[in-house]
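# sequence and predicted model, in that order:
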Amino acid sequence: MTSATVEDLFINPRIITRAKIRGYVSLCSILRASQSELQQKLALTAADVEQLTTAAANYILPQKLSAWEMQNTDQERFLHITTGCHQLDDFLGGGIPVRGLTEVTGESGSGKTQLVLQLALYAQLPPISGGLGKGVAYICTESQFSSNRLQQLISHIRNKYPKGPKSYTDNIFVHHVPDMDNLVDCVRYQLPHLISSRHVGLVVIDSVAAPFRVEDRRERNTTLLLQTLGYRLHQLTSSHNIAVVAINQVTAAMGKQSLYGLEGNTAPALGLSWANLVTTRLMLTRTHSFVRTHKLLPQTTVEFNIRKLEVVFCPWLRRKSFSFIVTEKGIEDIAMSTV
């Protein structure tokens, strides 16, 4: 079973044995029970039950910080990864935050994978250039890794930052997972070791929705697995001071406005169970407008579709939107005339 169990806790073995004998194996079952119920059914003292429930809560839930603690915490905790576009970085308050869980959602072709591929490269730059100077764990769940596009972006980033890493690809660790059980197990067991041993600073999941949408929800309760995944990701970003970015798909929405007031006929997949675990939600869309640019060699005119990135919710950013285009160099600000 991929959910956390009492055996994962570092507490008195006597308490663990008593909980297993009485059927309180999962941490969720322990936290759902009252203190008096656990004392009675496990035949433990109030101090033992307090030790058990405290350890279970600390294991499942990420550490919380007060506003005062956040203000006085070392500034290294609140780093950002540059997106490669200065205007977009300014729009996001510095780039993609190295805190919490960032979701990038949107329709197919809106630029989601483009954005995370750039992050996978720029995260390897030194902090003075807007990166972390660390490696990247890239978890694929629905398609092959976009290696061709990555190589195209590498050629441009080398021209922009000639003193960057000698090899960008050597620092991107790609792992393919076929279903939600393997995804949760990967995040739970394999990812912590990779982060520590390979000096990883960014974790990308592309995408989080695919393995959960494939499963037959009539046969399995996927909510617990989804929550376990979210809690584990929060634990990793908090304990290792890394950035976590998850791509999410969209699904059909009922009515003119969906959850969080999003207009249109689509909404991020996985519903409230996942949305409540997300710290920052960025939604990308394609518009019906284009911009035109002229190339000198050869002399041609190229049109680019205008896309929009919207901050749906974020604790430190107001709701707003940013227009951009995707060129062979990557994401760029609109500095041309609309046609």
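Thanks, I have the structure now.
# and what about P162, helix, strand or coil?
coil (DSSP: H, G, I helix; E, B strand; the rest coil).
# count the residues that sit near it.
Other residues near P162 come to 7 when the count uses other Cβ atoms under 10 Å. Heads up, the C-betas are built off the backbone N, CA and C, glycines and all.
# and if you look at the one 3 residues further on?
Residue crowding around P165 was assessed by other Cβ under 10 Å; the count is 19.
# now do the contacts for it.
P165 is in contact with Q124, L125, N171, counting by Cβ atoms under 8 Å, 6 or more residues apart in numbering.
# wasn't L224 part of a helix?
Yes. Applying three-state DSSP, one finds L224 inside a helix.
# for the stretch 101-250 of the chain, what spans make up the helices?
Assigned helices in the stretch 101-250 of the chain, in chain order: 112-122, 147-160, 180-185, 191-197, 209-214, 222-240 (criterion: DSSP state H, counting those that start in this stretch).
# buried set for the fourth one?
Spelled out, that is helix 191-197. Using 16 or more other Cβ atoms under 10 Å as the burial criterion, the residues of helix 191-197 that qualify are L191, P192, L194, I195.
# how far does that helix sit from its chain's centre?
Relative to its chain's centre, helix 191-197 lies at 16 Å (Cα atoms, centre = their mean, to the nearest Å).
# for that helix, name the packing helices and strands.
strand 135-140, strand 200-206, helix 222-240 (3 or more Cβ pairs under 8 Å, 6 or more residues apart in numbering; DSSP states H and E).
# returning to that earlier point: mind picking the two most distant members of the buried residues of helix 191-197?
Spatial extent of those (Cβ to Cβ) is set by the pair P192 and L194 at 7.4 Å.
# so for this structure, the centremost residue is which one?
The residue lying closest to the centre of the chain (Cα atoms, centre = their mean) is V245, at 2.6 Å.
# what's opposite that one in the beta bridge?
Beta bridges link V245 to T102, V204, judged by DSSP bridges.
# against D181, how distant is it?
22 Å (Cβ to Cβ, to the nearest Å).
# repeat for T54
For T54, the distance to D181 - Cβ to Cβ - is 29 Å.
# tell me which of the two has more neighbours.
Taking neighbours as other Cβ under 10 Å, T54 and D181 compare with D181 leading, 15 against 12.
# doesn't L225 make contact with the more buried one?
Yes. Counting by Cβ atoms under 8 Å, L225 is a contact partner of D181 at 7.4 Å.
# by neighbours, which of the contacts of P165 wins?
Q124 (26 neighbours).
# residue contacts, it?
By Cβ under 8 Å, 6+ apart, the contact set of Q124 is G131, L132, G133, K134, G135, V136, G164, P165, Y168, N171.
# tell me the pLDDT of the second one.
Per-residue confidence for L132 comes out at a pLDDT of 96.
# quick one: the closest residue in space to L229 that isn't next to it in sequence and S207, what's the gap?
Once flanking residues are discounted, L229 sits nearest to V184: 5.2 Å by Cβ to Cβ, 6 or more residues apart in numbering. Plainly put, V184 is 15 Å away from S207 if you go by Cβ to Cβ.
# quick one, which of those two is more surrounded?
Counted by other Cβ under 10 Å, V184 and S207 do not tie: S207 has more neighbours, with 25 against 21.
# phi and psi next, for the more buried one.
The phi/psi pair for S207 (degrees, to the nearest 10) reads phi -120, psi 170.
# looks like it contacts N248 (just checking).
Yes. Taking Cβ under 8 Å as the definition, S207 is a contact partner of N248 at 6.1 Å.
# please tell me how far the residue lying closest to L270 once chain neighbours are set aside sits from L191.
Nearest residue to L270, sequence neighbours excluded (Cβ to Cβ, 6+ apart): A209, at 5.7 Å. Distance, A209 to L191, by Cβ to Cβ: 19 Å.
# how about C85?
Counting by Cβ to Cβ, the separation of C85 from L191 is 28 Å.
# next: V104.
19 Å.
# biggest strand in the protein by residues?
When the chain is parsed with DSSP state E, its longest strand is strand 280-295.
# please identify the buried residues of stretch 157-172?
Residues of stretch 157-172 classed as buried: I157, Y161, G164, P165, Y168, N171, I172 (neighbour count, 16+ other Cβ under 10 Å).
# quick check: which ranges of the stretch 151-300 of the chain have low pLDDT?
Applying pLDDT under 70 to the stretch 151-300 of the chain flags the ranges 214-221, 254-264, 295-298.
# domain map for this structure?
6-60, 72-281 (automatic domain parsing).
# adding distance to V291, write these out as a markdown table.
As requested, those are exported to a markdown table (distance: least, Cβ to Cβ, whole Å):
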| stretch | distance to V291 |
| --- | --- |
| domain 6-60 | 47 |
| domain 72-281 | 14 |
